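> coords please:
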Amino acid sequence: MTSSATPSRKALSKIASNRLQKEVVEWQVNPPAGFKHKVTDNIQRWIIDVVGAAGTLYANETYQLQVDFAEHYPMEAPQVIFIPPAPLHPHIYSNGHICLDILYDSWSPAMTVSSICVSILSMLSSSTTKQRPIDNDRYIKNCKNGKSPKETRWWFHDDKI
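Sure, this is the predicted structure:
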């Protein structure tokens, strides 16, 4: 199952293609703990299994991330969502959209898919409650017709989770 929130697909730039090839090789040599990239022939979309860290609310639970790369990656952040069912978390909406600043306002071309994954696992691991964001229903209603999370004006105000 894949999300309907698919960004428009333009061919990757040569820079993006080269960068992703390097990241695939690096991932094969040194994958981040708790993650498994499901290799396909589509370098523009990665599906990644996420296993919750031991000793956390999500221990041994498995989820899937979908990472869609834009034409100008790494200058532009990829779109990263959980493929539903998404984990119950105060910063993860039921449609899989993730409220995490590095995916939007704080993106840096120095970041990689591995660093994104580590940040997401850290976010999951630090949660003390399994619940949806308080505005989940309103947000989902406003995301009809495949709206991308990159079209959302996120408000990053909670750095405790």
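
> residue ranges for the strands of the protein, please.
For the chain, the strands identified by DSSP state E occupy 35-38, 45-51, 62-68, 79-83, in order along the chain.

> Figure out which of those strands is closest to residue 17.
strand 45-51 (13.6 Å; C-beta to C-beta). The way it works is simple: take the backbone N, C-alpha and C, and place the C-beta from them, glycine included.

> which residues sit in contact with residue 89?
Applying C-beta atoms under 8 Å, 6 or more residues apart in numbering, we find residue 89 in contact with 123, 124, 127, 130, 131, 132, 161.

> Can you lay out the residues you listed as a markdown table showing pLDDT and distance to residue 71?
Formatted as a markdown table, these follow (pLDDT from 0 to 100; distance: C-beta to C-beta, whole Å):
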| residue | pLDDT | distance to residue 71 |
| --- | --- | --- |
| 123 | 95 | 27 |
| 124 | 96 | 30 |
| 127 | 95 | 34 |
| 130 | 96 | 36 |
| 131 | 96 | 36 |
| 132 | 96 | 32 |
| 161 | 47 | 32 |
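
> just the buried members of those residues?
Buried members of these, scored by 16 or more other C-beta atoms under 10 Å, are 123, 124, 127, 132.

> Quick check: phi and psi at the closest residue to the second one other than its chain neighbours.
Counting by C-beta to C-beta, 6 or more residues apart in numbering, the nearest residue to residue 124 once its immediate chain neighbours are dropped is residue 58, at 5.0 Å. Backbone dihedrals for residue 58, given as degrees, to the nearest 10, come out at phi -110, psi 20.

> one step back: just put the contacts of residue 89 in a markdown table and tack on distance to residue 90.
Supplementary listing: those in a markdown table, determined by distance: C-beta to C-beta, whole Å:
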| residue | distance to residue 90 |
| --- | --- |
| 123 | 10 |
| 124 | 11 |
| 127 | 7 |
| 130 | 9 |
| 131 | 6 |
| 132 | 7 |
| 161 | 5 |
